[in-house]
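Student: Fold the following and give me the result.
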Amino acid sequence: MSCRLFFFGDDDFEGEAQLLDLSSTGCMARSMEPLQVGRKLKLSLFLPDGHAWPVRVEEAVVRWVRDCNCGFEFLSIRPPQLLRVQQAIMKKRR
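Tutor: Reported below is the predicted structural model:
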């Protein structure tokens with residue numbers, strides 16, 4: 001799955017990434033912004049699902065970083081937002 005992802009930290013840290021893979025518990029992305037393992041962020045996922053608004057992940061943590069790629073684990077996501085993620089995954093599998 002290829003789409004945009006924006007991330008935001010509590011200390012005005014923000015950046016953009018390309019979403020490479022998505023699951024209901026997290027995602028993998030590529031970003032030129034240096035990220036640190038353990039950093040907690042808010043995410044906005046611009047999924048190709050026809051909605052005008054991005055999926056909001058209230059809290060995610062960077063679990064791994066390799067070169068420009070990183071893995072985020074979703075710690076807090078509201079049920080309607082999770083449903084959109086699950087629907088996007090199912091649509092991609094078809």
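Student: Could I get the buried residue list for the top strand by length along the chain?
Tutor: For the chain, the strand reaching the highest residue count under DSSP state E is reported as strand 55-66. By 16 or more other CB atoms under 10 Å, the buried positions in strand 55-66 come out as 55, 57, 60, 62. For every residue, glycine as well, the C-beta is placed using N, CA and C.
Student: The second one against Arg78, yeah?
Tutor: Which is Val57. No - counting by CB atoms under 8 Å, Arg78 is not a contact partner of Val57; they are 9.0 Å apart.
Student: so can I have TSV of the buried residues of strand 55-66 showing distance to Ser23?
Tutor: Putting these into TSV (distance: CB to CB, whole Å) gives the following:
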residue	distance to Ser23
Val55	13
Val57	12
Ala60	12
Val62	16
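Student: Would you mind measuring from Asp12 to Leu47?
Tutor: Counting by CB to CB, to the nearest Å, the gap from Asp12 to Leu47 is 26 Å.
Student: Please say which of the two ends up with more neighbours.
Tutor: Each of Asp12 and Leu47 had its neighbours counted (other CB atoms under 10 Å), and the higher figure belongs to Leu47 (21 against 6).
Student: Please tell me how far that one sits from Gln36.
Tutor: With CB to CB as the criterion, Leu47 and Gln36 are 26 Å apart.
Student: Give me the residues contacting the worst-scoring helix or strand of the chain on mean pLDDT.
Tutor: One helix or strand of the chain scores below all others by mean pLDDT, DSSP states H and E: helix 79-93, with a mean of 90. When contacts are taken as CB atoms under 8 Å, 6 or more residues apart in numbering, the neighbours of helix 79-93 outside the stretch itself are 1, 22-24, 45, 47-49, 51, 55-57, 77.
Student: When you compare pLDDT across those, which one is lowest?
Tutor: Lowest model confidence among the contacts of helix 79-93 falls on Met1, which carries 58.
Student: Sort out which one of the contacts of helix 79-93 lies nearest Arg30 for me.
Tutor: Ranked by distance to Arg30 (CB to CB), these are led by Met1 at 12.4 Å.
Student: Where does the prediction get shaky in this protein?
Tutor: For the chain, the stretches flagged by pLDDT under 70 are 1, 94.
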